[in-house]
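Asks: Task: produce atomic coordinates for the following.
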Amino acid sequence: MTKFKCLILIEREVDWEYRNEVSKALVKAGCVYSLAWGIDCSAWDDSVDWAFLEAHNFGDYPKVKFVMTTWHEDETLQEVVEFAKHCTDYSEAKLEDILVLDFAHHERSELIKKLYLAA
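Replies: Numbering: from 1, shown residues only. I've put the predicted structure just below:
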C-alpha cells in the first residue's frame, strides 16, 4: 500500500508503549488517515499525531505526507465503519485501501467486513 487509511478499533486495554509503536509503524508505512474508535480512542488519535510529528522532526513536512486523525468516542461501531468508508477522502485522492486494526477480546473480522461492505 502506498497511501491508506487505518481504522483502529479498541475494545480492550492496550499498553501505551505498544500504542506508540503501532502509531509510528502506521506513519512509516504510509497511513494518511487514521480513525480511532473505542477505549482511549483520543489517546490513539494523539499517538498517531505525535508519531507523525516525530517522523518529520517536529518541523516542516510535505503536504502529501500529512496524516489526518479522527477519534469517534460517541459513535457506534457501524457509524465509524460507515465514516471510514465514505468520509475519508484525502486531498484529491479517494483512499480505497484500508487497514483495520481490531484490538478486541474475540475475533470479529467477518462482522467488520460485513459492516464495511454494507455501508
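Asks: mind listing what residue 8 touches?
Replies: Each residue near residue 8 by CB atoms under 8 Å, 6 or more residues apart in numbering is listed here: 34, 35, 36, 37, 38, 41, 44, 101, 103. For every residue, glycine as well, the C-beta is placed using N, CA and C.
Asks: three-state assignment of the residue nearest the centre of the chain?
Replies: Centre of the chain computed as the mean C-alpha position; nearest residue by CA atoms, centre = their mean is residue 34, 2.7 Å away. Of the three states, residue 34 takes strand under DSSP: H, G, I helix; E, B strand; the rest coil.
Asks: likewise the one 3 residues further on?
Replies: Look at residue 37: counting by three-state DSSP, its state is strand.
Asks: Show me the beta-bridge partners of it.
Replies: As for beta bridges, residue 37 partners with residue 9 under DSSP bridges.
Asks: per-residue confidence at it?
Replies: pLDDT for residue 37: 98.
Asks: So it versus residue 17, what's the distance?
Replies: As judged by CB to CB, to the nearest Å, residue 37 and residue 17 stand 21 Å apart.
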